[in-house]
Each structure stands twice: as C-alpha cells, then as structure tokens.
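3D, please:
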Amino acid sequence: MDTVPYEHSSIDPTRPSIARVYDYLLGGKDNYAADREIGDVFKRDLPGSVTVAFANRAALTRAIREIATTTGIRQFIDLGSGLPTADNVHQVAQRHAPDSRVVYVDNDPQVLVHGRALLENNDRTRVVAADVRDPESILTHRDTIEVIDFSRPVAVILSAILHHVNDDEDPAGIVRHWRDHVPSGSHFFVSHFRSGDNQETEEAEKVLQRTFGRGRWRTDAEIATLLDGLEILDPGIVPAPLWRPDRTENPWSNGEEREFTVWEQLIAAGLARKA
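Below you'll find the model as predicted:
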C-alpha cells in the first residue's frame, strides 16, 4: 500500500511525477507505485544511472554553500525545486548564512504540500505554486515579493529543470527573463542533462520522453547558450562531479585523473554571474 503523507486531493497517484521519480531514485519515501515503476526502469535497465541524481544533488549543495559563503547573496529562488530531501536550499544557505531567504517554486501538488509542511515554522522561506515556464507569475507572486528584494542580488537556481523544458517553450527565454529582472551581482546555478552521444544516455532520454512527453538533453555549448549575457564562472560547464568538488566528497578532486562513466558525465553544472 502507498502511504505517502500529506495526501492532497489534487495528487494523482496513478500518474508518475518527475519530482516523485527523482525522490524515489534518491531513496525517498514520497512516491507511489507509478513513480517506482519508472524509477525501476532506470535501476534495472540503465544500471549506474541512479548516480546522476546524487551527483546533481551534491553539486547543488556545493553551489549553495559557495554562493552563501563567498558572494554576500542572501536571497535564493529555487525554480522547479522538487520534493524536499536532505540538504534543501534553505537548509544549506541558512547553515552558512542564517539570514538567508528562500523561495521554492514548483507546480507539482505533492511538492507544494510537502514543502509547506516542512517550512511551516520557517519565516524566511516560501513555497510558490507556479510553472517555471511563466517567470512573470513567479516574479509578481505576493510570496515572492514578500521574501525577495529585487533591488539586491539574487541567486536563481535552475537545478535539473531546464532539460524538462522543450525547445519550443524557449528555455533560454526563461533564463533571460530572470537575468533582466535581477540586479548586477546576481548568480545563476544551472544543472542540465548532457547529450552523451551514446546508447545509454540516449535510452535514458527516450524513457523520460515516453513517460512525460517531454525532455531535451543538450550539449555543453547549448547549455552555455542558455546563460547568454551572463559571465560563466570557473570551471565553466562541466560534469557535475567536477564542478568545484570537495576533496572529501570525490577522491579525484586532488588532481588525479581517471575516466568518468557515461553516467557521471550525463549531468553538467555551471555557475554564472550577472555583471
């Protein structure tokens, strides 16, 4: 029996959710049989692919820490935030800078229910029900306005979300809209599935497209294009495990070279700054 807490009438347990599949791959419990069926395709037929979820989450954690400790930014907007898990953006940011404020944005009803329950007693966070493809509705949402001061630099987080936006939905336009509405000094963190030109990653892309009717892997150059008008900071657009790795987290961060698996190379990460 499925026993997902905070049940909500708008949640359909028979239809898989991107957020819940991701939760399942990370070892979470906020998922249903329909989500686990899709997750098991990756676990069974594409062994090694589950490491992508963990590599992405680790890179996100490092990016939030980096922004909180080195830039003075105390405002974060997490677009397509997904279900709460360990080391959420507000937890990482507030661990290093307790006055940090965070707005989470998602359109999955279960994400909204869980997020609001988690953040009920945190007055520096909000959860906004909106679609990342409609940035204006997020910018003008009363909860966003209440938490975010757009006269000061903002960290815009686009972690593993733009590869779910098809080309005809103008993912570059989404980033551009935020770029044009945040001040100089704002930072953008992006992680994105990379075109691998190999059978394994092509099959992973097909699984998501068959299941959700969307999904677009992009080359490093295409990912960089999404950040046009921003300064991409070192080390550029690179596989997530290589994005400013911790020595304790990755044994190859001490300069030793080794060959990455196709899965370790599947998701790229990058940090950019508005001049």
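
would you map the helices across the stretch 101-250 of the chain?
Listed in chain order, the helices of the stretch 101-250 of the chain (DSSP state H, counting those that start in this stretch) span 109-118, 135-139, 142-147, 171-181, 199-212, 220-226.

residue 42 is nearest to which of those helices?
Of all the helices of the stretch 101-250 of the chain, helix 199-212 sits nearest to residue 42, with 7.0 Å by Cβ to Cβ. No exception for glycine: its C-beta is placed from N, CA and C like everyone else's.

now that closest one - C-alpha only, CSV.
C-alpha atoms of helix 199-212 as CSV (Å, rounded to 0.1, in the frame of the first residue of the first chain):
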residue,chain,number,x,y,z
GLN,A,199,23.3,4.3,-26.3
GLU,A,200,22.9,4.5,-22.6
THR,A,201,22.1,8.2,-22.3
GLU,A,202,20.0,8.2,-25.5
GLU,A,203,17.9,5.5,-23.9
ALA,A,204,17.5,7.5,-20.7
GLU,A,205,16.3,10.4,-22.7
LYS,A,206,13.7,8.2,-24.5
VAL,A,207,12.4,6.9,-21.2
LEU,A,208,11.6,10.4,-19.9
GLN,A,209,10.1,11.4,-23.3
ARG,A,210,7.9,8.3,-23.4
THR,A,211,6.8,8.8,-19.8
PHE,A,212,6.3,12.5,-19.6
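
how far off centre is it?
Remark: helix 199-212 is offset 19 Å from the chain centroid, using Cα atoms, centre = their mean, to the nearest Å.

what's that helix in contact with?
16, 18, 38, 41-42, 45-46, 48-49, 164, 193-196, 214-217, 262-263, 266 (Cβ atoms under 8 Å, 6 or more residues apart in numbering).

redo that, cut-off 10 Å
The set of residues external to helix 199-212 that reach it, using Cβ atoms under 10 Å, 6 or more residues apart in numbering, is 15-18, 21, 34-35, 37-38, 41-42, 45-49, 52, 163-164, 166, 193-196, 214-217, 261-263, 265-267.

and these, which are buried?
16-18, 21, 34-35, 38, 41-42, 46, 49, 52, 163-164, 193-196, 215-217, 262-263, 265-267 (16 or more other Cβ atoms under 10 Å).

in the lengthiest helix in the chain, what counts as buried?
In terms of residue count, the longest helix belonging to the chain (DSSP state H) is helix 51-70. By 16+ other Cβ under 10 Å, the buried positions in helix 51-70 come out as 51-53, 55-68.

CA atoms of it as CSV?
Output in CSV follows, covering the C-alpha atoms of helix 51-70 (Å, rounded to 0.1, in the frame of the first residue of the first chain):
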residue,chain,number,x,y,z
THR,A,51,24.2,8.0,-9.6
VAL,A,52,23.1,11.0,-11.7
ALA,A,53,20.5,12.1,-9.1
PHE,A,54,23.1,12.0,-6.3
ALA,A,55,25.8,13.8,-8.4
ASN,A,56,23.3,16.6,-9.2
ARG,A,57,22.2,17.0,-5.6
ALA,A,58,25.8,17.1,-4.4
ALA,A,59,26.7,19.8,-6.9
LEU,A,60,23.6,21.9,-5.9
THR,A,61,24.7,21.7,-2.3
ARG,A,62,28.2,22.9,-3.1
ALA,A,63,26.8,25.7,-5.2
ILE,A,64,24.5,27.0,-2.5
ARG,A,65,27.4,26.8,0.0
GLU,A,66,29.7,28.7,-2.4
ILE,A,67,27.1,31.4,-3.0
ALA,A,68,26.3,31.8,0.7
THR,A,69,29.9,32.0,1.8
THR,A,70,31.6,33.9,-0.9
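
ok and that helix relative to helix 199-212, angle-wise?
Helix 51-70 and helix 199-212 meet at an angle of 90 degrees, taking axes from the mean of the first three to the mean of the last three Cα atoms, to 10 degrees as the criterion.

and the next element down the chain from helix 51-70?
Later in the chain than helix 51-70, the nearest helix or strand by DSSP states H and E is strand 75-79.

how far off helix 51-70 does that following strand point, in degrees?
Relative orientation of strand 75-79 versus helix 51-70 (the same axes, to 10 degrees): 160 degrees.
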